[in-house]
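[1] fold the following, please.
(2 chains)
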Number of protein chains: 2
Amino acid sequence: MNPILIQEIRFHLARGDKKVIQEFAEDFHPAMLAEFVGPMNAPDLASFLQCLPPLQRGEVFSYLEVPVQVNLAHSMRRDQLAELVTNMSPDERADLVKKLKEETLEALWPALAWAEREDIRRLSGYAEGTAGAVMTTDYVTLLPNQTAREAIDSIRREAPDRETIYYAYVLGQDRELIGSTSLKDLILARPETKVEELMVPNPISVRLSDDKEQVAITIGKYDLLAIPVVDDDGRIVGIITVDDIVDVVQDEATEDMQKAGGMMALDDPYLNTTFKRMFSKRAGWLATLFVGEMLTATAMGYFEGEIAKAVVLALFVPLIISSGGNAGSQASTLVIRAMALGEVTLRDWWKVFWRELSVGFVLGGLLGVIGFSRVVIWQSIYPMYGEHYMLIALTVMTSLIGVVTFGTLAGSLLPFVLRRFGMDPASASAPFVATLVDVTGLIIYFGSAMLLLRGTLL
Amino acid sequence: MNPILIQEIRFHLARGDKKVIQEFAEDFHPAMLAEFVGPMNAPDLASFLQCLPPLQRGEVFSYLEVPVQVNLAHSMRRDQLAELVTNMSPDERADLVKKLKEETLEALWPALAWAEREDIRRLSGYAEGTAGAVMTTDYVTLLPNQTAREAIDSIRREAPDRETIYYAYVLGQDRELIGSTSLKDLILARPETKVEELMVPNPISVRLSDDKEQVAITIGKYDLLAIPVVDDDGRIVGIITVDDIVDVVQDEATEDMQKAGGMMALDDPYLNTTFKRMFSKRAGWLATLFVGEMLTATAMGYFEGEIAKAVVLALFVPLIISSGGNAGSQASTLVIRAMALGEVTLRDWWKVFWRELSVGFVLGGLLGVIGFSRVVIWQSIYPMYGEHYMLIALTVMTSLIGVVTFGTLAGSLLPFVLRRFGMDPASASAPFVATLVDVTGLIIYFGSAMLLLRGTLL
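    As a prediction, the model looks like this:
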């Protein structure tokens, strides 16, 4: 990224100029430092981090890419690793610990304080993709009968350890969440006001098992900086901060797009993905779709006699089936995205069905008219479709209306079917829909031809 | 949304129970209130808002959907609208004003204070999609020689009007941005510490004309709650808060997905889009792709003689061209998303080219082997491909390798071509790539056939 800076850092590391490194590091955001030093080799990187004060070390380490973190963790001294892990934020260290090798973990475990161990154990126990797996346990709590002044004092005391001090959560007798308040409201209030009077009762919260996509929608809807996570008894167990939600939103969109493009989600940046991994993420779906698409050869085989009699029919096969696929791709994309944003739920399938039926029919009509004109106009310039060209034009038009309507319906309903059976609607990819539609498209096309061309061409 | 609540609100409105409405409203987040009352008719909605205190009124109004806002604004008294607009946050009122009718605007203008007018004029002047158009002008500034205590006092004074008080920006002699500090650091510092000593110098900032997608990437990378926007002279002119960025990220992902699905971006939620609008967003691309796809009929016409001689060739047309399209869809999706996230830039095209060439070749080989086996195995069960079935199997395999490699390359490079010419790479949709690949696929397939089957079937 920045070879000159790396050279300089190496130079000072080699001379053991801890002071220079520290002064240099002070001027940069931890994310930027991580970007600078990320490409260094493990021993240099480790000695660079050792120069930094513990808190900053934890921060910079958190911003390193996960494979670099894991690599570094495995090569560190046990006590160094324990200190580092203690200074990381709870959600990030839980993510790291999940990826460490058994033996590193076994060495690390006894070196950690009991509270940290418990915290990591709890946080890494929640299922991937749930609120529990994204949340952090660094948050500020208050009691309802504290005054605003007392509240600010307690926030000031706890601040250095807390990820977000801008919201504080008010707990009842059994640690159940009864209200939330912001540092802004506390600062603005008269110092003697009770927290009870200041707080918003029954604050918006999510449950441990809620899907992280749902959490993102909620936090976006209410413009929150953080949202509390409660257990089944309504007790607060963590918070999710909006900066983590920005990552969730980007990751989910990436995943959905990649699935909708007809492959498995890559999970890593494009240029960081190895050839082998890239191949395995793409080959599965591509081969499955290929096997599905083989049905077209079977269907075409069924109509071989018709094609032999009227070769002209074969000419329009790609045009007609691809139109169905394109219409289906539009419909499935719309529904997949609307589902991801919570705009459309399973119950809406009937509404979507009628809407797409009508849109599909009109779109099919449009393409039908263009297709009809194409055959008629072409024939007047190069007479290649024979004396029955009007019937051929009619066959093309009828099939297009049928294929586009069917494609649109199939594309819009497939995400509902997938979700209904607990699968990800985003898997209703453009290629998947196209494959479904291709076989049906052939049947619609040759079916129309047999009806309309019987006694003339067939 | 909640018919019982609406009934009750209507009942109290009709009785003129302002107090009951206010007490009811106190318990809810403005976003939730907006959701409750959004479906009410305009007069009811207006009198509901009139019951709320001015600040809350502005907040609830901000969360209403834009068409509802505009509708309401047009039916309001001039002074009421002016008061409402004054109490909205600067970024949201600028968005509203852009959508108001000329005459409403002319009536509103003189009723606003000079500062508000200037602010709206400035904010609504920035181009859509830039940092300027997303930013707000409510932010806290400090001077370097203030102490932490003075800084907190001044934040406390300004807080009620400011959207975010959790960051404060430090200005130099000419209002240029020289540092940033957080309320957390101010609260933790000894009260006599100078802001100068506390601040982070040269904070991460964006420029007025920066693309909002780029802003989202920056704010996500550094986990910020807000980012300052500076003009060409480095003077701060606004901030962008992370809650607005969550919306930007969701909207951009929706837009990109819809474009990648082969249509224009819808701009509104699926179920709120009228039939006419839905049709017009989809028909354009669908018809364009259809016209492009017509080339397949032309290409097929060129090989009509070959098909007549060996009808068996027609059977594999859908299978082969769709495989190219699917491979292209994977590649274009990967590159489009990597570009949107800033992982891949124009300069990387060469790297992407080599990577996709090799992945495409191997994927093509995989499908080729499956295709070859399909023909050979099928023949041993139903001998339908004639005595030269091995040659046909070979033609299918060769074509698949060629078509998939070409499809992968075309799909990965099209986004680069589009971006190079200033267009949105997301328009390199799966259907667009498939259409490009279909014609070439036919040429590759029949070309291989003519080479391999000459003297036998052809």
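[2] what residues does the stretch 351-458 of chain A have near chain B?
    Contacts of the stretch 351-458 of chain A with chain B, taken as CB under 8 Å from any CB of the partner chain, map to A:351-352, A:355, A:358-359, A:362-363, A:366-367, A:370-371, A:374, A:384, A:404, A:429-431, A:434-435, A:438, A:442. The way it works is simple: take the backbone N, C-alpha and C, and place the C-beta from them, glycine included.
[3] of those residues, grab the buried ones for ChimeraX.
    To isolate the buried members of those in ChimeraX, using 16 or more other CB atoms under 10 Å in any protein chain shown:
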select /A:352,355,359,362,363,366,367,370,371,374,404,429,430,431,434,435,438,442
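[4] what sits against A:Asp268?
    A:Arg277 (CB atoms under 8 Å, 6 or more residues apart in numbering or on different chains).
[5] check the secondary structure at it for me.
    Secondary structure assignment for A:Asp268 (DSSP: H, G, I helix; E, B strand; the rest coil): coil.
[6] chain center to the lowest-mean-pLDDT helix or strand in chain A, what's the gap?
    When the helices and strands of chain A are scored by mean pLDDT, DSSP states H and E, helix A:3-15 comes last with a mean of 79. On the basis of CA atoms, centre = their mean, to the nearest Å, helix A:3-15 sits 38 Å off its chain's mean C-alpha point.
[7] repeat that for stretch A:159-171.
    Computed by CA atoms, centre = their mean, the chain-centroid distance of stretch A:159-171 equals 28 Å.
[8] now do the same end-to-end measure for that stretch.
    Using CA to CA, to the nearest Å, the end-to-end distance of stretch A:159-171 comes out at 18 Å.
[9] tell me the buried residues in that stretch?
    If you call a residue buried by 16+ other CB under 10 Å, then stretch A:159-171 has these buried ones: A:159, A:162-171.
[10] same thing with stretch A:443-455?
    For stretch A:443-455, burial by neighbour count (16+ other CB under 10 Å) applies to A:443-446, A:448-449, A:452-453.
[11] with only the CA atoms kept, save it in PDB.
    What follows is stretch A:443-455, C-alpha atoms only, in PDB (Å, rounded to 0.1, in the frame of the first residue of the first chain):
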ATOM      1  CA  ILE A 443     -42.500 -26.300 -24.900                       C
ATOM      2  CA  ILE A 444     -44.500 -23.100 -25.200                       C
ATOM      3  CA  TYR A 445     -42.800 -22.300 -28.500                       C
ATOM      4  CA  PHE A 446     -43.100 -25.700 -30.200                       C
ATOM      5  CA  GLY A 447     -46.600 -26.100 -28.700                       C
ATOM      6  CA  SER A 448     -47.700 -22.900 -30.400                       C
ATOM      7  CA  ALA A 449     -46.000 -23.900 -33.600                       C
ATOM      8  CA  MET A 450     -47.800 -27.200 -33.700                       C
ATOM      9  CA  LEU A 451     -51.100 -25.500 -33.200                       C
ATOM     10  CA  LEU A 452     -50.600 -22.700 -35.700                       C
ATOM     11  CA  LEU A 453     -48.500 -24.400 -38.300                       C
ATOM     12  CA  ARG A 454     -50.400 -27.700 -38.600                       C
ATOM     13  CA  GLY A 455     -51.300 -28.400 -42.100                       C
END
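[12] of the residues of the stretch 351-458 of chain A next to chain B, which belong to helices?
    Residues of these located in helices (DSSP state H): A:351-352, A:355, A:358-359, A:362-363, A:366-367, A:370-371, A:374, A:404, A:430-431, A:434-435, A:438, A:442.
[13] what sits up against the following helix or strand past the least confident helix or strand of chain A?
    The helix or strand immediately downstream of helix A:3-15 is helix A:18-26, counting by DSSP states H and E. For helix A:18-26, contacts defined as CB under 8 Å, 6+ apart pick out A:9, A:12-13, A:33, A:48, A:51-53, A:56, A:60.
[14] quick one: which of those is nearest to chain B?
    Taking CB to the nearest CB as the measure, chain B lies nearest A:Leu33 of those, at 11.3 Å.
[15] ok, the helix or strand harbouring the closest one near chain B or not?
    If you go by DSSP H and E, A:Leu33 is part of helix A:30-37. Yes - applying CB under 8 Å from any CB, one finds helix A:30-37 in contact with chain B at A:31-32.
[16] close to chain B: what parts of the stretch 1-150 of chain A are there?
    By CB under 8 Å from any CB, the residues of the stretch 1-150 of chain A that approach chain B are A:27, A:29, A:31-32.
[17] filter those to the buried ones?
    A:29, A:31-32.
[18] can you pull the poorly scored residue ranges out of the stretch 1-150 of chain A?
    Where the stretch 1-150 of chain A drops to pLDDT under 70, the residues are A:1-4.
[19] ok and the residue in it nearest chain B?
    The nearest approach of the stretch 1-150 of chain A to chain B comes at A:Ala31, 4.8 Å away (CB to the nearest CB).
[20] next one: that residue from B:Tyr169, what distance?
    Counting by CB to CB, to the nearest Å, the gap from A:Ala31 to B:Tyr169 is 19 Å.
[21] check A:Gly238 too.
    For A:Gly238 relative to B:Tyr169 (CB to CB), the value is 31 Å.
[22] also A:Asn41?
    From A:Asn41 over to B:Tyr169 the distance is 38 Å, taken as CB to CB.
[23] repeat that for A:Leu418.
    The spacing between A:Leu418 and B:Tyr169, counted by CB to CB, is 48 Å.
[24] one step back: can I get the helix holding A:Leu33 in PDB, CA atoms only?
    Provided in PDB are the C-alpha atoms of helix A:30-37 (Å, rounded to 0.1, in the frame of the first residue of the first chain):
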ATOM      1  CA  PRO A  30      -5.900   2.700  13.700                       C
ATOM      2  CA  ALA A  31      -7.600   1.600  10.400                       C
ATOM      3  CA  MET A  32      -5.000   3.500   8.500                       C
ATOM      4  CA  LEU A  33      -2.100   2.100  10.500                       C
ATOM      5  CA  ALA A  34      -3.500  -1.400   9.900                       C
ATOM      6  CA  GLU A  35      -3.600  -0.700   6.200                       C
ATOM      7  CA  PHE A  36       0.100   0.500   6.300                       C
ATOM      8  CA  VAL A  37       1.500  -2.300   8.200                       C
END
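[25] residue in the stretch 151-300 of chain A nearest to chain B?
    Among the residues of the stretch 151-300 of chain A, A:Gly261 lies closest to chain B, at 2.7 Å counting by CB to the nearest CB.
[26] in the stretch 101-250 of chain A, which spans are strands?
    With DSSP state E, counting those that start in this stretch as the definition, the stretch 101-250 of chain A shows strands at residue ranges A:140-142, A:167-171, A:177-182, A:200-201, A:206-207, A:226-230, A:236-241.
[27] check those strands for me: which has the lowest mean pLDDT.
    Here the lowest mean pLDDT among these goes to strand A:200-201, at a mean of 88.
[28] okay, now the sheet partners of it, with direction.
    As defined by DSSP bridges, the strand partners of strand A:200-201 come to strand A:177-182 (antiparallel).
[29] now the angle from the partner strand to strand A:226-230?
    Interaxial angle of strand A:177-182 relative to strand A:226-230 (axes from the mean of the first three to the mean of the last three CA atoms, to 10 degrees): 170 degrees.
[30] show me what counts as buried in strand A:177-182.
    Neighbour-count burial for strand A:177-182 flags A:177-182 (criterion: 16+ other CB under 10 Å).
[31] same check, this time on stretch A:5-21
    Residues of stretch A:5-21 classed as buried: A:6, A:9-10, A:12-13, A:20-21 (neighbour count, 16+ other CB under 10 Å).
[32] from A:Ala113, how far off is A:Leu315?
    Counting by CB to CB, the gap from A:Leu315 to A:Ala113 is 75 Å.
[33] of those two, which one has the most company?
    Taking neighbours as other CB atoms under 10 Å in any protein chain shown, A:Leu315 and A:Ala113 compare with A:Leu315 leading, 25 against 10.
[34] pLDDT wise, what is A:Glu158 at?
    pLDDT for A:Glu158: 85.
[35] tally of neighbours for it?
    For A:Glu158, the count of nearby residues is 15 (other CB under 10 Å).
[36] so it touches A:Leu142, yeah?
    No - counting by CB atoms under 8 Å, A:Glu158 does not reach A:Leu142; the two are 10.2 Å apart.
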